[in-house]
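Enquirer: Return a 3D structure for these sequence lines:
(one chain, ligands or ions: 1)
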Amino acid sequence: MLRRAFSPLTRLYRFWIAVVIGALIGFTVNAAVSEHLFVVEKGDTLSSYFNRLGLSNQVLLSMLSSSNKNVALNNLSIGRPLVIRLDQDKQLESLAYSITRDKLFKINKKGKRFVTTINETNKPKGLNSTTVTINKSLSYDAKKLNVSPAVINTIVRVFSWRINFKKDLRKGDKFIIVGDNTKNPVALIYKSRSKNVSFFSYIDEYGNVDYYDGSGLSVSHSFLPAPLKYERISSKFQKSRYHPILKVWKPHRAIDFKAKKGTPVFSTADGVIKQVKKGGSLGNVVYIQHGNDHLTVYAHLSKFARGLKANKKIEQGQTIGYVGSTGRSTGPHLHYELRYKGERKNPLKYNVMKHRTLSQRDLSLFKKRANFILKSL
Ligand SMILES: [Zn+2]
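Expert: Presented below is the predicted three-dimensional model:
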């Protein structure tokens, strides 16, 4: 569902955004370019935006001192949108800000110089967006509308945590790409007969760009640290350990959790069952795919949860099986792996690294901005 729980914004806001984005339509389409929309909040300064985007104060100063017209940027007005575009080298390309409802302020970088223009605008356009209606496949239908491959990749990356592209997509489903054709559109919305899913790009206080749903939850929300209630860790993630059955030193790029036979084992993140297998050295084993790049493995199970089969959608915390000692195992335990792009990662450390939540301040800014975008469509 589209979340509408935010405080309502005035029509005036919609107008501002329309003016700025409308003015950006004329820009060249370049997938490596990124566009960042800020809605001015109390206490915001240009330098805080520049910081977030990794632009130096020096760039800010040289931009500001390039024209006396730039005094217009000294006091940003609360609630107005400001768009900063970066080129493929993450350097400042342009800045757009609406000074009043009919005056658009723009700075463009031309070679080493900055050029300021102030234009009267009288024909506001809606927030620029592209709607891809599924007829054949996402990539086929999106390409027909000249959506760049970079944007298609972003859509797949963002939605593959919530949508099974093979199973869920139906003719007539829609993907709405908000913003112009840059690698990270300001918002991505999926609409089908049964559900709406919206994601919004946001740069957090550390400068990380990621997509979040309307409640501020990161797309790639983190993995739970352990897939069960365990007694202890019987074998850590390590480069070399003595294998009790094979009697050789081998790397153990997994965690073994000791637990009683029959202890429920659950998925550490939302995902889709990739494979349910019996009989190998891992015994009864479940492989779960999370998004494009992550896979978790749960091995030596005594039995599987009911109805478990490939392509079935699984939620974080959902039981998938029970601890056992099947396969090459000396006693009841769970062998758990977390793989990123095929490479085994230490689940205990990886989780901390990937954990991404918005700070209180970021969250309130984010929600205002998300609401702003939805209203301006
Ligand atoms: Zn193991």
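Enquirer: hey, which helix is longest across the protein?
Expert: Counting residues, the longest helix found in the chain (DSSP state H) is helix 360-375.
Enquirer: Show me the shaky parts of the stretch 151-300 of the chain.
Expert: 161, 180-182, 204-208, 220-222 (pLDDT under 70).
Enquirer: Could you pull out the strands in it for me?
Expert: Under the criterion DSSP state E, counting those that start in this stretch, the stretch 151-300 of the chain contains strands at 174-178, 187-191, 196-203, 209-212, 232-235, 238-242, 249-252, 255-258, 264-266, 271-280, 283-290, 294-301.
Enquirer: what's the closest of these to the ion?
Expert: When the strands of the stretch 151-300 of the chain are compared by CB to the ion, strand 255-258 sits nearest the ion, at 4.1 Å. For glycine as for every other residue, the C-beta is placed from the backbone atoms N, C-alpha and C.
Enquirer: what's next to that closest one, contact-wise?
Expert: Here strand 255-258 makes contact (CB atoms under 8 Å, 6 or more residues apart in numbering) with 226-228, 230-237, 331-336, 346-348.
Enquirer: returning to what we had before: could the strands of the stretch 151-300 of the chain go into a markdown table alongside mean neighbour count and distance to the ion?
Expert: Formatted as a markdown table, these follow (neighbours: other CB atoms under 10 Å; distance: least, CB to the ion, whole Å):
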| stretch | mean neighbour count | distance to the ion |
| --- | --- | --- |
| strand 174-178 | 21 | 40 |
| strand 187-191 | 21 | 38 |
| strand 196-203 | 22 | 36 |
| strand 209-212 | 20 | 32 |
| strand 232-235 | 14 | 6 |
| strand 238-242 | 11 | 9 |
| strand 249-252 | 14 | 6 |
| strand 255-258 | 21 | 4 |
| strand 264-266 | 21 | 14 |
| strand 271-280 | 17 | 13 |
| strand 283-290 | 22 | 11 |
| strand 294-301 | 23 | 7 |
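Enquirer: one step back: and the contacts of strand 255-258, which are buried?
Expert: 226-228, 230, 234-235, 237, 332-336, 346-347 (16 or more other CB atoms under 10 Å).
Enquirer: Looking at those, spot the one nearest the ion.
Expert: His335 (3.4 Å).
Enquirer: so that closest one touches His300, yeah?
Expert: Yes. Between His335 and His300 there is a contact at 5.5 Å, judged by CB atoms under 8 Å.
Enquirer: Overlap in contacts, the two.
Expert: The overlap between the contact sets of His335 and His300 (CB under 8 Å, 6+ apart) consists of Leu282, Ser329.
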